[in-house]
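Novice: sequence and predicted model, in that order:
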Amino acid sequence: MTVMNYRKAICEGIARAMRRDDCVVFLGEDVAAAGGAFKSTVGILEEFGPVRVRDTPIAEQAIIGAAMGAAMTGLRPIAEIMFSDFLAICWDGVANEIAKSRYMTAGQLQSPLVIRVHNGAGLGFGAQHSQSLENMAMMTPGLKVVAPSTPADVVGLMATAVDDDDPVVVFEHKALFDVKQDVPDGDHRVPFGQARQVRAGSDVSVVALAAMVPVAEAAAAELGSRGISCEILDLRTLYPLDMDTVLASVSKTSLLVIVEENPRPCGWGAEVSSIVAERALFELDGPIVRVAGEPVPIPFAAPLEAAAIPDPARVVAAVESLM
Amino acid sequence: MTVMNYRKAICEGIARAMRRDDCVVFLGEDVAAAGGAFKSTVGILEEFGPVRVRDTPIAEQAIIGAAMGAAMTGLRPIAEIMFSDFLAICWDGVANEIAKSRYMTAGQLQSPLVIRVHNGAGLGFGAQHSQSLENMAMMTPGLKVVAPSTPADVVGLMATAVDDDDPVVVFEHKALFDVKQDVPDGDHRVPFGQARQVRAGSDVSVVALAAMVPVAEAAAAELGSRGISCEILDLRTLYPLDMDTVLASVSKTSLLVIVEENPRPCGWGAEVSSIVAERALFELDGPIVRVAGEPVPIPFAAPLEAAAIPDPARVVAAVESLM
Amino acid sequence: MSAEVSTNRLRAWHLAMLEIREFESRVMDLFTRNLVRGTTHLAIGQEAVAVGSAGVLRDGDKTLCTYRGHHHCLARGMDAYAGMAEILGRSDGCCGGRGGSMHLTDTSKGLYGAYAIVGAQIPIAVGCAWSSQVRGTDEVTTVFFGDGTTPIGAFHEGVGLAATWKLPVVFICENNLYSEYSPIHTVVPVINAAADRASGYAIPGMVVDGNDVVLVHEVVGAAVERARAGEGPSIVEAKTYRHGGHSRADPATYRPAEEVAEWMSRDPIDAVAKLLIERGVTTSELERLQADVVERYDEIVERALAAPEPSVEELFDNTYAS
Amino acid sequence: MSAEVSTNRLRAWHLAMLEIREFESRVMDLFTRNLVRGTTHLAIGQEAVAVGSAGVLRDGDKTLCTYRGHHHCLARGMDAYAGMAEILGRSDGCCGGRGGSMHLTDTSKGLYGAYAIVGAQIPIAVGCAWSSQVRGTDEVTTVFFGDGTTPIGAFHEGVGLAATWKLPVVFICENNLYSEYSPIHTVVPVINAAADRASGYAIPGMVVDGNDVVLVHEVVGAAVERARAGEGPSIVEAKTYRHGGHSRADPATYRPAEEVAEWMSRDPIDAVAKLLIERGVTTSELERLQADVVERYDEIVERALAAPEPSVEELFDNTYAS
Ligand SMILES: Cc1ncc(C[n+]2csc(CCOP(=O)(O)OP(=O)(O)O)c2C)c(N)n1
Ligand SMILES: Cc1ncc(C[n+]2csc(CCOP(=O)(O)OP(=O)(O)O)c2C)c(N)n1
Ligand SMILES: [Mg+2]
Ligand SMILES: [Mg+2]
């Protein structure tokens, strides 16, 4: 075990993958010489050298294309897109090419690659650098979608992502970079499609992801002190989606609250809610409540930004509305 | 009243808007001299001339940027993106610039513009020319989202879209182009945020959009012959979203089936389902069933393409599962 | 220059071009008879670009093309039956009927995909070339695109990365004078849609008569050798013409009659047939050849039409590896 | 050339540059004191590009810039208090605190936005210019971008459309030698990141010393007049240098000490001060000017810090017009 923060865990996850497999290459803007805009890839260039680790021009379509072409021809690239907001520039490559090519060619073109993006709000970066866009990936068949909430999961999910033969988009949440945790040494792996039970509870199931996991935990602590017992599930991956664990929890608690950072319309929580409403409606003792980002661009000013994304108070209120 | 097909209605809607307001300009790839790749804009160049109607290079980012810049400075552009799939190329312009600029500048930058896209499957165009992507627009605060199912709505919603001071994305469904209908003459307008009751019924509410409306109608006819009465609602716009009408119908029928063409994960139907599960759970007598596109890229071969999107038989089966 | 090319080679090229033309004519015929769904983009008139370019490649070299790519696939050795079955949406198709006319693919022949979003193939091809560099091979990637593709961002990002990293890729523009229905000069600000961009990337840009298979072979050959030697990418712009419309049933009435007539008189297959006749091949031999091709395609089309469609049980196959 | 510029004009430019530098220094100071959230990108060292360029514009002309855009906003007349309040996230900010440092906007001054996605502003600026053409005006749009922006697709799509449609827009590259932390020559294949692209669009491409306000004014002026006359767009590449890091607390240790020293010795404000002194302005007068500016900014910063933050009740304002 080694204690490390989320930022360092990103680096560790990449380094372990590159040590394990010579086919893993890493590219992105200022990821090499500068160690990344968030200093989350410091030392990778030094350890693996300039052939496997490359700084690119500012050209996200080229980065994604380069990753796909390399993946189709024997490498396992990890590509960084500096902010998830910039996926909008290269979404054709991600959603129309990478995600679909295996299907369209009956398996001939394969893209075993990982796209890492810095995701989420809370740091005052403004509307074009703060979005939570896991749902954009989740709505695209052919992509696997990962969003770790802890350093150990960052490392363990990266191992699984790099070894996976499908394209994986990993959403790393900027607001979690300083969170510290013990991370297992060696070949630590977290399988896809297994939600983590963050906290067991009996009164209400709270499903969360990424930076919303600590928000849910804070709310659960507060609710616990009021005698309400929350079970918190961290989905960890949106495709594959571990509905078995969610449904089992709901059938135990009979109440479901979903906490998601993206603006509400068509958020990942909508999908989770609709699956529960289709498969377990009669298990529910109350409405399915979604505590989601407000439907606005992320504002810059501190009080507005805070109000635009869920906080523990809103989760507490949502749970109490069900009691 | 004039009978026209959906294709002609597109042209009519644009022409009426351009006649009404000199500030309306129209641009896109081969929309002018050639009258559009789907011949849906034949005659516009001839009537309004080469200053207001322009063929562009193949450069979707430039098209969207040009539309936004023009909209910010006094014009009301209508921009065509030939296939909705190509939104992926210019999504930064649409989602990060056009959708957010009003908010980010406290109202200084305004983009009163319309983006028309050809959307949907069913014609054998393959995975990169057949997607239903209304949900991608719906998940983006700042955009209005329109998807007409009939010629009269094509004309009436275009009038509303062009006059609206917000950016509007209009999804025109390729599979509906030959559908004919009486279209009111004059200043026909369909307001945003008002679902259309396609068919009144008492047993189950069926909510649909665009090409799924006739699918729902065919299913309802079949179900009617089996003694099951469906109420069909055509949402027409996804933002604003007319949940009042949906909730009123659900409180009457107590059952809800949603029919959507997009692949299921995070489809617009997920949002509708989650709102009902949050606001009207106890009105429901059965699960909320979503009949959605299968989570695959749209395959080319006829039987596979047909199987990838909802058809009346699947809707019939869904409704019967609730009886 | 043609003097340096052996008669056997010219014969092989001629035959390859005949086969492409026959393939495309059959697709057109099937489309007109409503037996092909969706859309098709034919390369009749552009055969020399494909055959001349493919001729310089080795096993291991990679080729990426567009929705208008049947000729490139055949030129690199795709089985015509697998291509035809794909266009007809049959399970024997090279993509099991999942792709269709715009997406013929056969990685066993170095064909790394046909892409239907204008420009998308270019950064991907650059990635293939990067991979060849990283893996320490001397493989080369060729990537095809149209004149109308040169305004799009993906083209510039791809060329820029390749030039900066000196990657072994050759960008080959088939300038058929039209960006869909628009004359190319109405949508780009330069004379040579592709080659004139090269200076902006400090790489070579060459223009070649794309209807002269010998010249194409020579110019693309030089660019490929340069790439193989580690000297970086080039842009080759081949001026050519599609005999028919852009796609589907496009009658191409937007083209001046004299322009069409002039280009028809410069048919790339006629040109190489003339060379062969100059070298003593007889007209009757050429006619026999043509008759053989027709016969072979009669059989290919018949088989493809009789092949089964994919089964609905396979709908989800290959969405994911796991 | 500087001989042709009146002393009053030089004085005005000098003052404008001083104000920008003071503004930026205050932002840096506030950021260091943790009073600015998120990030900032300062233009200390690049003042001459902004002031020289803004000087050639008229009312009605439009300017679009980037996250590194404070200097352009001030040069075109943005109220410094409104800018400072915006950077501090106050409701008195030019965007009511919604935008922040990267998005200063004031359409009343022709400032049509500061964009934080590299390259995004370029097609939008082209749209502004198209609108000017459609509306039959002689307005001109200037759009700023960095050297590191030249590889991105949006840049090429925008320049291409403007060149094809002969739009009244001037593309002004501030080449500060770095694409974020990467030396520009490591990420582009040409010597002049922007100007060398011009030939690929058949438009003029000029290189100018961006630290010489007089030269900037002249070269941008010529490009603007050309655009205003309906002769189409140009690319101007101004070589300059940021004195500090890319953003936030970047110490910019990736830059060679000699390079920094050389550029520091070519400070654009010092250069114009030298001209003024040559024309008889006294050092003490310049010192007084500087002191006035400092005093004014003391007050601006104090007011901005005291201004209220926007209220949560206004969270949804301006998401939609209706
Ligand atoms: C990004 C994108 N925009 C538009 C289209 C529609 N489209 C398909 S082919 C084509 C014309 C392409 O012209 P060119 O590059 O010259 O190739 P050609 O068809 O002549 O071979 C267009 C506009 C597309 N497929 N992708
Ligand atoms: C599309 C996109 N990619 C990456 C970034 C992150 N980023 C912000 S500024 C910057 C460097 C831009 O360099 P340059 O264009 O030279 O402008 P400068 O900052 O030097 O003024 C980068 C990579 C971004 N904002 N947008
Ligand atoms: Mg062409
Ligand atoms: Mg720079």
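Specialist: Nice, thanks for sending it over. Remember, predicted model here, so these are calculated numbers, not experimental data. Ligands and ions are numbered 1, 2, ... in the order given.
Novice: could you check how far the residue of the stretch 151-300 of chain C found nearest ligand 1 is from chain D?
Specialist: Nearest to ligand 1 in the stretch 151-300 of chain C, going by Cβ to the nearest ligand atom, is C:E180, at a distance of 3.7 Å. C-beta coordinates here come from the backbone N, C-alpha and C atoms, glycine included. Using Cβ to the nearest Cβ, to the nearest Å, C:E180 is found at 15 Å from chain D.
Novice: next: A:V276.
Specialist: 29 Å.
Novice: tell me where the stretch 101-250 of chain A has strands.
Specialist: Taking DSSP state E, counting those that start in this stretch to define them, one finds strands in the stretch 101-250 of chain A at A:114-119, A:144-146, A:168-173, A:180-183, A:196-199, A:204-208, A:230-234, A:237-239.
Novice: number of residues surrounding the residue of the stretch 151-300 of chain C closest to ligand 1?
Specialist: 20 (other Cβ atoms under 10 Å in any protein chain shown).
Novice: ok, it - contacts?
Specialist: If you count contacts by Cβ atoms under 8 Å, 6 or more residues apart in numbering or on different chains, C:E180 has them with B:29-30, B:34, B:37, B:58, C:148, C:246.
Novice: do C:T7 as well
Specialist: C:276, C:279, C:281.
Novice: so which of these sit within helices?
Specialist: Using DSSP state H to define helices, the subset of the contacts of C:T7 located there is C:L276.
Novice: from the contacts of C:T7, list just the buried residues.
Specialist: C:276, C:281 (16 or more other Cβ atoms under 10 Å in any protein chain shown).
Novice: and residue 41, what does it touch?
Specialist: No chain specified, so I'll use chain A. A:10-11, A:14, A:26, A:28, A:31-32, A:35, A:80.
Novice: look at chain C instead
Specialist: Going by Cβ under 8 Å, 6+ apart, the list of residues near C:H41 reads C:66-68, C:101-102, C:246-247.
Novice: if we use 7 Å, what do you get?
Specialist: C:67-68, C:246-247 (Cβ atoms under 7 Å, 6 or more residues apart in numbering or on different chains).
Novice: then C:S234?
Specialist: By Cβ under 7 Å, 6+ apart, the neighbours of C:S234 are C:170, C:203-204, C:206, C:223, C:226.
Novice: among the residues you listed, who's most crowded?
Specialist: Most surrounded of these: other Cβ under 10 Å gives C:V170, at 32 neighbours.
Novice: now do the contacts for that one.
Specialist: C:140, C:142, C:220, C:223-224, C:227, C:233-234, C:236.
Novice: out of these, flag the one nearest to chain D.
Specialist: Closest to chain D out of the contacts of C:V170 is C:P233 (9.5 Å), distances taken as Cβ to the nearest Cβ.
Novice: thinking again about what came up before, out of the contacts of A:T41, flag the one nearest to ligand 3.
Specialist: A:G28 (33.6 Å; Cβ to the ion).
Novice: wait, doesn't the closest one sit right on A:F83?
Specialist: No - judged on Cβ atoms under 7 Å, A:G28 makes no contact with A:F83 at a distance of 11.4 Å.
Novice: ranges for the helices of the stretch 1-150 of chain C?
Specialist: Remark: helices assigned in the stretch 1-150 of chain C by DSSP state H, counting those that start in this stretch are C:7-32, C:47-54, C:70-75, C:80-87, C:121-134.
Novice: near ligand 1 at all, the first one?
Specialist: What it means is helix C:7-32. No - using Cβ under 6 Å from any ligand atom, helix C:7-32 stays clear of ligand 1, with a minimum separation of 13.0 Å.
Novice: ok so, going back, can you convert the helices of the stretch 1-150 of chain C into JSON lines and add a column each for mean pLDDT?
Specialist: Listed next are those as JSON lines, based on pLDDT from 0 to 100:
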{"stretch": "helix C:7-32", "mean pLDDT": "98"}
{"stretch": "helix C:47-54", "mean pLDDT": "98"}
{"stretch": "helix C:70-75", "mean pLDDT": "98"}
{"stretch": "helix C:80-87", "mean pLDDT": "98"}
{"stretch": "helix C:121-134", "mean pLDDT": "98"}
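Novice: quick one: closest of those to ligand 2.
Specialist: Once the helices of the stretch 1-150 of chain C are compared by Cβ to the nearest ligand atom, helix C:121-134 is nearest, at 14.5 Å.
Novice: hmm, who's touching that closest one?
Specialist: A:25, A:51, A:61-62, A:64-70, A:72-75, A:93, A:97, C:62, C:64-66, C:112-113, C:115, C:139, C:141, C:143, C:145, C:154-155, C:157-158, C:161-162, C:165, C:167-169.
Novice: and for stretch A:185-192?
Specialist: Counting by Cβ under 7 Å, 6+ apart, A:1-2, A:144, A:153, A:155-157, A:159-160, A:236-237, A:240 sit against stretch A:185-192.
Novice: got JSON lines for the residues you listed, with neighbour count, distance to D:A54 and pLDDT too?
Specialist: Output for the contacts of stretch A:185-192, formatted as JSON lines (neighbours: other Cβ atoms under 10 Å in any protein chain shown; distance: Cβ to Cβ, whole Å; pLDDT from 0 to 100):
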{"residue": "A:M1", "neighbour count": "10", "distance to D:A54": "58", "pLDDT": "92"}
{"residue": "A:T2", "neighbour count": "13", "distance to D:A54": "54", "pLDDT": "95"}
{"residue": "A:K144", "neighbour count": "25", "distance to D:A54": "49", "pLDDT": "98"}
{"residue": "A:D153", "neighbour count": "25", "distance to D:A54": "50", "pLDDT": "98"}
{"residue": "A:V155", "neighbour count": "30", "distance to D:A54": "50", "pLDDT": "98"}
{"residue": "A:G156", "neighbour count": "23", "distance to D:A54": "53", "pLDDT": "98"}
{"residue": "A:L157", "neighbour count": "25", "distance to D:A54": "50", "pLDDT": "98"}
{"residue": "A:A159", "neighbour count": "18", "distance to D:A54": "53", "pLDDT": "98"}
{"residue": "A:T160", "neighbour count": "21", "distance to D:A54": "53", "pLDDT": "98"}
{"residue": "A:R236", "neighbour count": "25", "distance to D:A54": "51", "pLDDT": "98"}
{"residue": "A:T237", "neighbour count": "27", "distance to D:A54": "51", "pLDDT": "98"}
{"residue": "A:P240", "neighbour count": "14", "distance to D:A54": "55", "pLDDT": "98"}
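Novice: ok, which pair from those is furthest apart?
Specialist: Farthest apart among the contacts of stretch A:185-192 by Cβ to Cβ are A:T2 and A:P240. That separation is 28.6 Å.
Novice: all strands of the stretch 201-322 of chain C, in order?
Specialist: For the stretch 201-322 of chain C, the strands defined by DSSP E, counting those that start in this stretch cover C:205-209, C:234-239.
Novice: these: which one's closest to ligand 3?
Specialist: strand C:234-239 (10.8 Å).
Novice: how far away from the center of its chain is the closest one?
Specialist: For strand C:234-239, the separation from the chain centroid amounts to 13 Å (computed by Cα atoms, centre = their mean, to the nearest Å).
Novice: can I get that strand in PDB, CA atoms only?
Specialist: Presented in PDB, the C-alpha positions along strand C:234-239 are these (Å, rounded to 0.1, in the frame of the first residue of the first chain):
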ATOM      1  CA  SER C 234       3.900  14.600 -48.900                       C
ATOM      2  CA  ILE C 235       0.700  15.700 -50.600                       C
ATOM      3  CA  VAL C 236       0.000  14.400 -54.000                       C
ATOM      4  CA  GLU C 237      -2.900  15.900 -55.900                       C
ATOM      5  CA  ALA C 238      -4.200  13.800 -58.800                       C
ATOM      6  CA  LYS C 239      -6.400  15.700 -61.200                       C
END
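Novice: is it up against ligand 3 anywhere?
Specialist: No - Strand C:234-239 lies apart from ligand 3 when judged by Cβ under 5 Å from the ion; the minimum separation is 10.8 Å.
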